[in-house]
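Peer 1: Pasting the sequence and the predicted model now:
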Amino acid sequence: MRTDEDPELAREREHLTAARATLRRMRERAQELFATGESVASDALGAESLGATLARRVAELADQPGVPLFFGRLDLDHGEVHHIGRRHVADRAGEPMVVDWRAPISRAFYQASAADPQGVAVRRRFGYAGGELTSFEDEHLDRGEELGTASRILVEEIERPRVGPMRDIVATIQPEQDELVRADLDRTICVQGAPGTGKTAVGLHRAAYLLYLHRERLRRSGVLILGPNRTFLHYIEAVLPALGEVDVRQATITDLLPAPPVRATDPPAAAVVKHDARMAAVLRNALWRRVRAPAEPLVVPDGSMRWRIGVDALARVLEQVRGEGLPYAAGRERVRARLVGLLQRQAELRRADSPGEAWLRRMSRSKPVTTCLDATWPAVTPEELVSGLLSDPAALAEAAAGLLDGAEQRLLVWARPPRSPGAARWSEADPVLLDEAAGLLERVPSVGHVVVDEAQDLSAMQLRAVARRSAHGSVTLLGDLAQGTAPWAAVDWPTSLAHLGKPDAAVVPLTTGFRVPAQVLALANRLLPALAVDVPAAESLRRDGSLAVRAVPDLAEAAVAAVRAALAGEGSIAVIAADPAAEPLRDRLAAAGVAGGAGVAGGAGLDGPERVTVVPASLAKGLEFDHVIVVEPAAIVAAEPRGLNRLYVVLTRAVSHLVVLHTEPLPPPLRG
């Protein structure tokens, strides 16, 4: 590894300085165009569109001095030299000073090896400290030299202490991760990723790669990142902007669904039934039972004329439209159009002139036509459909026949039916029903690509909600069955993919851990046999971490001492406990004056000046910290039905040091 005042290092530093200056000029040019864009646009609409494009371009070119502009270099066999970085930087003549990591030529940086050099003579990695280039390391692939995971710079980057939000991994992407990142847009893939294998980073970097390769298409249709909670989204929100991608929506599954005021609480068993895929069929039955055979002919007065459509003709229209597979609301309008068409043909035969547009509109909205529609294909809202089903045991029994048993139906029926849908007391589980109902009524716009993280905790009905929004797009599904903590957590991926509408998607395991130390992972892996899922155990490449399991007389006092010891080192610190214990621990740490107090995850603390964060166990999923102090594993397990899965999540949040404090006996799988 070359360091200090090596002449070659000085030249690389000069190139970095020049590249940053060029990026600054590119951004200044974009700002100038943005400032004058209104004067060159032909009209207001053009000015608005141009302004939005230029504003996005200015944001994409923002430099972050603490983030390396390039992290690698390729010296090719035929003499070309390319610096590989987070975005494309070109000089005034258009020659690239930095090549985007997503460009085709950059693939060799991640995939080339001594056995398959792919035209690369030398691969160079750069080491940085606070944005300053400090070292570099060469692999002469043409001579059979390949460091792989023995690269000191690679290892130092992977093991660098974490403080604040998640960072990108473009400098350390491994070949198996790169294959997933560069998967084609039309492919849906499911990544079964053990803790520390980089599955979240793979999903985010795939989104960035697809935006690079299909920018205009995805800019029109959109890219959506779905995370388990706001804390997680806050943690990952800086990754894509660091890669120059600023136009990606990030949301939770709750953000996608209707949001009625929650004024009721379901028994856990009722919530499980509402999230079951069978409810989709129950709602579909309830909706289409509203379509009824006509009882009388349609008669429409028209001046001195009267147009008539008989019962048999009306029934044929209803049957034909039912067979076309339209959403319910669109089907209702199709029936209206067909009825008006039949009236028009009668009028054309008996009138001297052909009916015009005004006549067609009048017929379409005439009282007899509307009354006929309301009698045979009545209008309905999602709220009316769901509240009507949950308020009426007989209607539910009819719709749920052969799907839900009597006990399940009784769980769903409201004890006190509301006077109207507007007065309904909705629960936290009801939005999945309302969204399913809305999807039966009207089609939902499809997103070009969706990344779903922590997907093992999505219910069948939540997956169906995602499927409606990705019907014409692809999905990157990320998760770990061992980390499933929801009452409806997945036990296998094919079932989840079927609910998602992507049954043919490949399931790819990631089992090599780069972040969680081997001894920490070995402790967590003891839980796997008790989790009732078939997943391969992860193996870690890291041997540098530490693990301590301590029986203590006073948990709070021991936690304060452990935090103080961790503060002597570098990196972020998390104290993770069962949810009821989190707030008292925060107060105890604040009273002890540890780092001026501690934040509770979900508020300050993840990216503030404090290095210490108190994390309720239910919010730990997806996060990582250098030092983790787990307080009372038995209480974490006892707090919920899938407590062992929750403990598996909690134990694998540490990327350097794990301390486990307990007064009660450890859960059986961890003893000994």
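Peer 2: Alright, I've got the coordinates. Numbering: from 1, shown residues only.

Peer 1: Using CSV, list the CA coordinates for stretch 484-498.
Peer 2: Coordinates of each C-alpha in stretch 484-498 appear next as CSV, following Å, rounded to 0.1, in the frame of the first residue of the first chain:
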residue,chain,number,x,y,z
GLY,A,484,-39.6,-11.8,10.9
THR,A,485,-41.2,-10.3,13.9
ALA,A,486,-44.8,-9.4,12.7
PRO,A,487,-47.6,-11.8,13.6
TRP,A,488,-48.0,-12.5,9.9
ALA,A,489,-44.3,-12.7,9.1
ALA,A,490,-43.3,-14.8,6.1
VAL,A,491,-42.0,-18.3,6.6
ASP,A,492,-40.9,-18.8,3.0
TRP,A,493,-40.3,-16.5,0.0
PRO,A,494,-42.3,-18.2,-2.8
THR,A,495,-45.5,-17.5,-0.9
SER,A,496,-44.6,-13.8,-0.5
LEU,A,497,-43.7,-13.5,-4.1
ALA,A,498,-47.0,-15.0,-5.2
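
Peer 1: Low-confidence regions, the stretch 501-650 of the chain specifically.
Peer 2: Along the stretch 501-650 of the chain, segments meeting pLDDT under 70 span 595-609.

Peer 1: Could I get the full set of helices for it?
Peer 2: Along the stretch 501-650 of the chain, the segments classed as helices by DSSP state H, counting those that start in this stretch run 518-525, 555-567, 579-591, 633-638, 643-651.

Peer 1: which outside residues touch the shortest one?
Peer 2: Translated: helix 633-638. 576-578, 581, 617, 630, 643-644, 646-647, 650-651, 660, 662, 664-667, 670 (CB atoms under 8 Å, 6 or more residues apart in numbering). To be clear about C-beta, it is placed using only N, CA and C from the backbone, and glycine gets the same treatment.

Peer 1: Turn the buried ones among those residues into a named PyMOL selection, would you?
Peer 2: Command for PyMOL that selects the buried part of the contacts of helix 633-638, burial taken from 16 or more other CB atoms under 10 Å:
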select buried, resi 576+577+578+581+617+630+643+644+646+647+650+651+660+662+666+667+670
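
Peer 1: still on that earlier bit, and the helices of the stretch 501-650 of the chain, which is most packed in?
Peer 2: Highest mean neighbour count among the helices of the stretch 501-650 of the chain (mean count of other CB atoms under 10 Å): helix 643-651, with a mean of 25.

Peer 1: Specify the angle between that one and helix 579-591 in degrees.
Peer 2: Orientation check (axes from the mean of the first three to the mean of the last three CA atoms, to 10 degrees): helix 643-651 against helix 579-591 gives 30 degrees.

Peer 1: Is Ile84 part of a helix or strand, or is it coil?
Peer 2: strand (DSSP: H, G, I helix; E, B strand; the rest coil).

Peer 1: picking up where we left off before, can you put the helices of the stretch 501-650 of the chain in a markdown table and add distance to Gly356?
Peer 2: Putting the helices of the stretch 501-650 of the chain into a markdown table (distance: least, CB to CB, whole Å) gives the following:
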| stretch | distance to Gly356 |
| --- | --- |
| helix 518-525 | 74 |
| helix 555-567 | 80 |
| helix 579-591 | 67 |
| helix 633-638 | 72 |
| helix 643-651 | 67 |
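
Peer 1: which one of the ones you listed lies closest to Lys274?
Peer 2: helix 643-651 (21.5 Å; CB to CB).

Peer 1: just the angle between that closest one and helix 518-525, please?
Peer 2: 170 degrees.

Peer 1: Low-confidence regions, the chain specifically.
Peer 2: Using pLDDT under 70, the chain drops low at 1-5, 37-64, 149, 159, 161-165, 595-609.

Peer 1: same thing but 80
Peer 2: Scanning the chain for pLDDT under 80 picks out the ranges 1-5, 30, 32-67, 130-131, 148-150, 155-168, 244, 351-353, 595-610, 672.

Peer 1: list the contacts for the spatially most central residue of it?
Peer 2: The residue lying closest to the centre of the chain (CA atoms, centre = their mean) is Leu226, at 2.0 Å. Leu226 is in contact with Gln250, Ala251, Thr252, Ile253, Leu256, Val450, Val451, Val452, Asp453, Val466, counting by CB under 8 Å, 6+ apart.

Peer 1: so what's the first one closest to, chain neighbours aside?
Peer 2: When you say that, I think you mean Gln250. Excluding the flanking residues, the one nearest Gln250 by CB to CB, 6 or more residues apart in numbering is Ile225, at 4.4 Å.

Peer 1: any idea whether that neighbour is helix, strand or coil?
Peer 2: Under three-state DSSP, Ile225 comes out as strand.

Peer 1: Tell me how far it lies from Pro580.
Peer 2: In this view, Ile225 and Pro580 are 31 Å apart by CB to CB, to the nearest Å.

Peer 1: Go through the helix or strand harbouring Glu333 and flag the buried ones.
Peer 2: Using DSSP states H and E, the element containing Glu333 is helix 328-350. Within helix 328-350, the residues that count as buried by 16+ other CB under 10 Å are 328-329, 331-336, 338-340, 342-344, 346-347.

Peer 1: roughly how far out does it sit from the chain middle?
Peer 2: 44 Å (CA atoms, centre = their mean, to the nearest Å).

Peer 1: who touches it?
Peer 2: 287-288, 298, 300, 302, 305, 307-309, 313-314, 317-318, 320-322, 324, 326, 354-355, 359-360, 363-364, 369, 372-373, 376-377, 379-380, 440-443.

Peer 1: what's the answer for stretch 203-220, then?
Peer 2: By CB under 8 Å, 6+ apart, stretch 203-220 touches 100, 102-103, 168-170, 173, 177, 180-183, 185, 191, 223, 225, 236, 239-240, 243-245, 247-248, 448-449, 451, 453, 476, 478.

Peer 1: Does Ala486 touch Ser459 like I think?
Peer 2: Yes - counting by CB atoms under 8 Å, Ser459 is a contact partner of Ala486 at 6.9 Å.

Peer 1: Those two: which is more packed in?
Peer 2: Neighbour count, other CB atoms under 10 Å: between Ala486 and Ser459, Ser459 has more, with 25 against 20.

Peer 1: and the residue nearest to the centre of the chain, what are its bridge partners?
Peer 2: Ala251, Val452 (DSSP bridges).

Peer 1: Next, work out how far apart it and Asp255 are.
Peer 2: 8 Å.

Peer 1: try Gly672
Peer 2: For Gly672, the distance to Asp255 - CB to CB - is 44 Å.

Peer 1: Neighbour count for those two, which is higher?
Peer 2: When neighbours are counted by other CB under 10 Å, Gly672 and Asp255 differ, and Asp255 comes out ahead with 14 against 6.

Peer 1: For that one, pull up the helix or strand it's in.
Peer 2: Per DSSP H and E, Asp255 falls inside helix 253-256.
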